[in-house]
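> no sequence on this one, just coordinates:
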């Protein structure tokens, strides 16, 4: 009935496995939980214990294949027609998480939402925490205003037949914008995303410096997608802002101002009170740099 699919990379997923097995057994459903490790070096001994659970498995790839390819591989391995994708660093907020999805099983695509803990983390993790709470942990009413642009694969129920028709784009091997592209493809093929209140906590907060590094990698992906016309300004505010600056012949001026203020912006983003406005400026500035270098 249900295949729960979880890509893993250097993360202890044993607690997540335990919780999911418990909830599935409580619901009395037919299920499998597949953990596929993308050639990790850490937590492999702990994660091997998942194989002791009935209907759950953990296996390790010999070579890292990337975020899109591993999700496609998980979908191919899945036995059942209903797929539930979760990220390794998530945990259901409620003990009715699985049963809530079972009640939505007839829908083609369902996103349950994402939450972050309220306790403020250490200073070096504040940027990721604030970004997550303000930009990802959206209310149901906010998500319903733009269902395709606010869904994430980190907590997604979807029919296997849809993945067969519209797999994740494996040209994206690095971090960033896989979700945006995937949901843009579904939207262009008139596949609606239903949003419900069935959240998971996002638990793993990387350091602000690592997050900025990953954002730069993600923006390289966005340039790649924009150059191939796979993402439009309707799906990406950054592309829309760049197109506006280009139309107004302001790219050179914006680049100059950004390079002068880049280090000052970074200091703010690495502080305990980072500004998301400056974060947006930083992303646009780096995107402009990539597009014009």
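Thanks, I have it. Given the structure is predicted, the values throughout are model-derived calculations rather than measurements. Numbers count the residues shown, from 1 in each chain.

> show me where the stretch 51-200 of the chain has strands.
Along the stretch 51-200 of the chain, the segments classed as strands by DSSP state E, counting those that start in this stretch run 56-60, 82-86, 90-92, 109-111, 114-115, 155-159, 194-195, 200-202.

> Identify the residues contacting the fourth one?
Yep, that's strand 109-111 we're talking about. If you take CB atoms under 8 Å, 6 or more residues apart in numbering as the criterion, strand 109-111 is touched by 101, 104, 143, 147, 150-152, 155-159, 162, 186, 191-196, 198. In this view, the C-beta of every residue, glycine as well, is placed from N, C-alpha and C.

> Among those, name the buried ones.
Restricting those to buried positions leaves 101, 143, 147, 150-152, 155-159, 162, 186, 191, 193, 195-196, 198, with burial counted as 16 or more other CB atoms under 10 Å.

> quick one on the thing from earlier: so which of the strands of the stretch 51-200 of the chain comes closest to residue 131?
The closest of those to residue 131 is strand 200-202. By CB to CB, the value is 10.7 Å.

> State the mean pLDDT of that closest one.
Averaging the model's pLDDT scores along strand 200-202 yields 97.

> Would you mind listing the buried residues in it?
Counting neighbours by 16+ other CB under 10 Å, one finds that the buried residues in strand 200-202 are 200, 202.

> Just after it, pick out the following helix or strand.
Next along the chain after strand 200-202, taking DSSP states H and E as the criterion, comes helix 208-227.

> in that following helix, what's buried?
Within helix 208-227, the residues that count as buried by 16+ other CB under 10 Å are 208, 211-212, 215-216, 218-226.

> now the residues you listed in CSV, with distance to residue 63?
As requested, the buried residues of helix 208-227 are exported to CSV (distance: CB to CB, whole Å):
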residue, distance to residue 63
208, 30
211, 26
212, 28
215, 26
216, 25
218, 22
219, 26
220, 22
221, 21
222, 26
223, 26
224, 22
225, 25
226, 29
